[in-house]
Structures are given as C-alpha cells and as structure tokens.
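**Student:** Fold the following for me, if possible:
(one chain, ligands or ions: 1)
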Amino acid sequence: MATLNANVDKLNTYLEQFRDKGILNQIAGKAVPAIAGAKFESSSPVDESLICSVARSTEADVDAAARAAAVAFPIWRDMPALERKKILLAIADGIEARAEEIAFCECWDTGQALRFMSKAALRGAENFRYFADQVTSARDGKNLASPTLMNVTTRVPIGPVGIITPWNTPFMLSTWKIAPALASGCTIVHKPAEFSPLSARILADIAADAGLPAGVWNLVNGFGEDAGKALTEHPAIKAIAFVGESRTGSLITKQGADTLKRMHLELGGKNPVIVFDDADLERALDAVIFMIYSINGERCTSSSRLLVQDTIREEFEAKLVERVNNIKVGHPLDPTTEIGPLIAREHFDKVQSYFDIAVEDGATVAAGGTRVGDEGFFVRPTLFTQATNQMRIAQEEIFGPVLTSIAFSSEEEALQIANDTAYGLTGYVWTNDLTRALRFTDKLEAGMIWVNSENVRHLPTPFGGVKASGIGRDGGNWSFDFYMEQKHIGFALGDHKIPRLGV
Ligand code: NAD
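**Tutor:** Modelled structure (predicted):
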C-alpha cells in the first residue's frame, strides 16, 4: 500500500505537464492546439477521472502536419547518416531518462500494470538503438552485373509516412514503427489512439529535445474517423504503417486507394496455443497463463485459444483454474498487480458481453466471468471450458484476459482446429516430439510460431501475420523494405548494340 501511495504521488507530479494546456499536437516543431480549437477529454480507466483535454484534429490539422513532414523530408533524408544516427541514439537516451514517467503515465492512461509497462519504456529505447545502428547501412544495395551493364541497386526513403497506432501498448508500438521510419530517412505524422494519448506526447517532446529537426516528427491527436481517415487519404503521405483491428485495416486500405498508399497492416489475432500430452506441462502452464493474462489480455499476440489434448485436459484445466483464480487484479501502479482495468467503458462492455455469450453457446465459465468492484473497468481473469471451435468465444477476438479452452484428441484434429480461424498472427506449440513440432509448424497458418516458448520478441526477426492478421513484416531489414524504395541504376560498360529503328 505504501508503494502504491508513493507511486500515485509521483504520477500526479508527472501528470502536471498535461493539466493546464492539455495534450497538444506537434506540427513543424511547435506544440499547437487543433486549428479549429476542438478538444476531447481523456480519462483514466482506473476510476474514470479526467486526466486532461486533448487536441481533436481534423483534416486541416492533418494537412498542416503532412505539409510540414513534406518540407522536412529532404532535410532529414539528406542529413549525413552518422548525424541521423546520433539523433536516434539521443532519443533512446531521452526515453531511458524518462522511463519511469512514461511507464506511470502509460499505466494511468491505459490501465496496464506497472510490472509490464516499466519494461515497455525500456523496450522502446531498445527499438531506437537497434534501428540507429542500421542507419549507416540502410541504403546499401547490390551490384548485379550483366554482360553489357553494371547494374546497381540502392534504397531510398519513400517520403513522409503516416503512423497510426492502437491503445494496448501505445508507447512500445509507436517506437516500433517510428524508429525504423526515421532510420530509413522518412519523416512522420503520428496519429496515436484516442484512448491513450499521453505517452505519444512525451515521445514527441523527447524527439524534439534530442535535436530532431522541426517537421521530421509531427503528432496529430484525434479520432480515427476524422484525423486518422484524413491521414490515410492525404496525397503527401506515401505510406501508412497501421496497427489496430482487422476491420479498421480493411477500411484504411480502401481510404488509401485513391492516393495509392503503400500499407503495412498489423491487425488482430485469435491465436492458438496447442498443448500435447508429451509436453513439459509445468512450463506449458506458465506460458499459457502468461500469454493470455499478461498485459490485461489486450495483446494481439495473446494465446486466446487453448487447444489441449484430451488425455491431459482435466488435470491441465484444474491447475489452470487454480492459478487463474489467484491472479491479482488491482491498481496498475501497485507493483504486485498482475491485471489492471480494461481501457475504456465500451471495451469493458464488449469483454463482459462474452461472459453471457459463452454460456448461451454452451461453454462453461470455469473461472472469472464477472467484473471486479464497482468503479473502473476491472474484470476477473476468465477461463471458458467445454468449448468448441465454432463458438463465438473461439472465433472472435475478445482482447481481454479471457481464455477459451478446447479439447482435441489427435495431431490432425489439433491442426484443423488451430487453422480454423479468420486470423493468423501467432501460434504456440508445446510438445517434446521434435518431428511432430517440425510437421505441425510447417502446416500451422501463422506469421509467427514459438515451440516450447512464450512469445519472445527478437528485433531482427520478422513480426507480422497472415490471413486477417495483417500484411507486411516489421523487424530488421523487413522494416526498411517498407519505409524505403528499391532503385535500380544500369551503367553501360561499353558500346553494346542498341536496336536501331527508323534508319
Ligand atoms: P482500432 O483499429 O480501433 O484503432 C487503431 C487506430 O486506428 C487508432 O489510432 C484509431 O484512431 C485509428 N482508426 C480507427 N478508424 C480509423 C479510420 N477509419 N482511418 C484511420 N485510422 C483509424 O484498434 P484498437 O482498438 O485501438 O486496438 C486493438 C486492436 O489492435 C486489436 O485488434 C489488436 O489485435 C490490434 N493490434 C495488433 C497488433 C499487431 O502487431 N498485429 C499489435 C497491437 C494491437
């Protein structure tokens, strides 16, 4: 309790910066209100109290931001790589210096527990360091000689890009997109989620303090249907890096069609974790619990469908129930809290609606299935058993601390159930049979698969999904491929024969 009180006191000092002015946009190096003066209110999911007002941007603000990004583009693109690298490293230093402030604000803004958010800020710094190290080689190309030509390739930044992020781990996800965009030499307009604007403002301040030239990093706050839509339609914006729901991904693809936007879409998931009876069941249990109940289950890579072999189902589910009932739901700034409140009332209502849907469809609520307290958006970690893969709780992304357990009897059946979904982001396989693991992962429809492991992100590996979970990959060179254009130049080696017409 003493630590929680001390943390709340600290939070209040960190929130001071937002109280009077609210959250402003950042356009052409200046913190500015929305041009029309509109604002919306941001409140905390912990107790629904007002945090501050936020600029509510429209097309005019997005236009100003996109123009600023277009003006700054040649300046940033042509700055020597080592200077750009230095600035990205200074941003990483700035994030580390303000890591606690970022984590506390993120907890209050999103309801995520401090035990996870304290690391998210540092991972954000790591993203900047990782991509800073590649600035000097990002434009390197190939020499593809032919008999008559020396063909060389080079990569050039695509131009100003729009970055649209969700509310689940806003800080980390924003750095994940912005760091490679800047390392490529692109300028950016960032539109953070309306539910979680705090850390994006801090991040823009850190970038300005690190010496990033004005207009390289612009921030427009506001709602998806106006600010977000205008960004996807703006002709000066050459590409959109989007993280959010699958149906929004489809919408912005349509919105970007007239200006032929390049799109990178990181979307939803209904990811399976498959536990065979030959697995290390204690480790599997830890991973199953971690991958759905950490980060409030508001995690695209969460393993929200447990496929458990019928020979071990009863024992495994019994252990699961015991552990799930023990998970600590509480104030996000209490270091012992494991699950905080869900982001907002509408999401809270959506998650709770599945408690009834599960029963209506014939599943059993084996743990949880209720809200906690009568203030804030807290729900008990929930486990549904006796489920089939046709039920809505097995097909729809609930995006909360809610796990659906489905029994299977054979490897073939497990594979069929695992792939029977619109999504294909991640999969987790638990078995000690190496050949089965090879066979199974080969056929599993997912962009990322872990065997005998929870999701452990390694920045050089490709991150992204298949089917309704997305298009495109992040990480290592895959990020540069998105934010840059390949260019081919052929130099004649001599007087090769040129076809002559009209002679
Ligand atoms: P969302 O799609 O509602 O919103 C995401 C962002 O898009 C927000 O900034 C929103 O304002 C904006 N937006 C909404 N409508 C828009 C429009 N018409 N044009 C332009 N922008 C628009 O998603 P959310 O509820 O904020 O986030 C949760 C979702 O994100 C889940 O489905 C989750 O799986 C997904 N997600 C995916 C990944 C991944 O890497 N695949 C990571 C995190 C979250």
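**Student:** Run a quick neighbour tally on the residue nearest to residue 212 when sequence neighbours are not counted.
**Tutor:** Distances taken as CB to CB, 6 or more residues apart in numbering put residue 87 closest to residue 212, at 5.5 Å, once the chain neighbours are dropped. (Each C-beta comes from the backbone N, C-alpha and C, glycine too.) Number of residues near residue 87 (other CB atoms under 10 Å) recorded here: 20.
**Student:** Quick check on residue 87: phi, psi?
**Tutor:** Its backbone dihedrals place residue 87 at phi -70, psi -40, with angles given as degrees, to the nearest 10.
**Student:** Contact partners for the most centrally placed residue in the chain?
**Tutor:** Computing the C-alpha centroid of the chain and ranking residues by CA atoms, centre = their mean puts residue 173 first, at 4.2 Å. The contact partners of residue 173, by CB atoms under 8 Å, 6 or more residues apart in numbering, come to 165, 166, 243.
**Student:** Out of those residues, which is nearest to residue 257?
**Tutor:** Of all the contacts of residue 173, the one with the least separation from residue 257 (CB to CB) is residue 243, at 19.9 Å.
**Student:** Over to that closest one: give its phi and psi.
**Tutor:** Summarising the backbone geometry of residue 243 under the convention degrees, to the nearest 10, its torsions are phi -130, psi 120.
**Student:** wait, doesn't it sit right on residue 177?
**Tutor:** Yes - taking contacts as CB atoms under 8 Å, residue 243 lies within contact range of residue 177: 7.1 Å.
**Student:** Residues that sit against both of these two, list them.
**Tutor:** Overlap between the contact sets of residue 243 and residue 177, as judged by CB under 8 Å, 6+ apart, is given by residue 165.
**Student:** tell me the pLDDT at the residue of the stretch 51-200 of the chain found nearest the ligand?
**Tutor:** Nearest residue of the stretch 51-200 of the chain to the ligand (CB to the nearest ligand atom) works out as residue 166 at 3.0 Å. According to the predicted model, the pLDDT of residue 166 comes to 98.
**Student:** quick one: contacts for it?
**Tutor:** When the contact criterion is CB under 8 Å, 6+ apart, the partners of residue 166 are 173, 193, 243, 244, 245.
**Student:** How many residues are close by the fourth one?
**Tutor:** Counted by other CB under 10 Å, the residues lying close to residue 244 total 23.
**Student:** what does the second one give?
**Tutor:** Neighbours of residue 193 under the rule other CB under 10 Å: 24.
**Student:** That one falls within a helix, correct?
**Tutor:** No - the assignment for residue 193, made by DSSP: H, G, I helix; E, B strand; the rest coil, is coil rather than a helix.
**Student:** just checking, it touches residue 171?
**Tutor:** No - taking CB under 8 Å as the contact criterion, residue 193 and residue 171 are not neighbours in contact, 11.4 Å apart.
**Student:** Name the surrounding residues that touch the helix or strand encompassing residue 76.
**Tutor:** Under the criterion DSSP states H and E, the helix or strand holding residue 76 is helix 59-78. Helix 59-78 is contacted by residues 25, 27-29, 34-36, 55, 84, 156-157, 159-160, 162, 182, 185-189, 191, 213-216, 218-220, 222, 226-227, 230-231, 234, 236-237 when judged by CB under 8 Å, 6+ apart.
**Student:** near the ligand too, which of those?
**Tutor:** residue 191 (CB under 6 Å from any ligand atom).
**Student:** Just the ones in strands from the contacts of helix 59-78, please.
**Tutor:** The members of those that map onto strands under DSSP state E are 25, 27, 55, 156, 157, 162, 188, 189, 191, 218, 219.
**Student:** For the stretch 351-500 of the chain, which residues are neighbours of the ligand?
**Tutor:** By CB under 6 Å from any ligand atom, the part of the stretch 351-500 of the chain that sits against the ligand consists of 397, 399, 425, 465, 470.
**Student:** Between the contacts of residue 173, which sits nearest residue 111?
**Tutor:** Comparing these against residue 111 with CB to CB places residue 166 closest, at 13.8 Å.
**Student:** what does the stretch 51-200 of the chain put close to the ligand?
**Tutor:** Taking CB under 6 Å from any ligand atom as the criterion, the contact residues of the stretch 51-200 of the chain with the ligand come out as 164, 165, 166, 167, 168, 173, 191, 193, 194.
**Student:** got a markdown table for the contacts of residue 166, with distance to residue 327 too?
**Tutor:** As requested, the contacts of residue 166 are exported to a markdown table (distance: CB to CB, whole Å):
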| residue | distance to residue 327 |
| --- | --- |
| 173 | 24 |
| 193 | 26 |
| 243 | 26 |
| 244 | 27 |
| 245 | 26 |
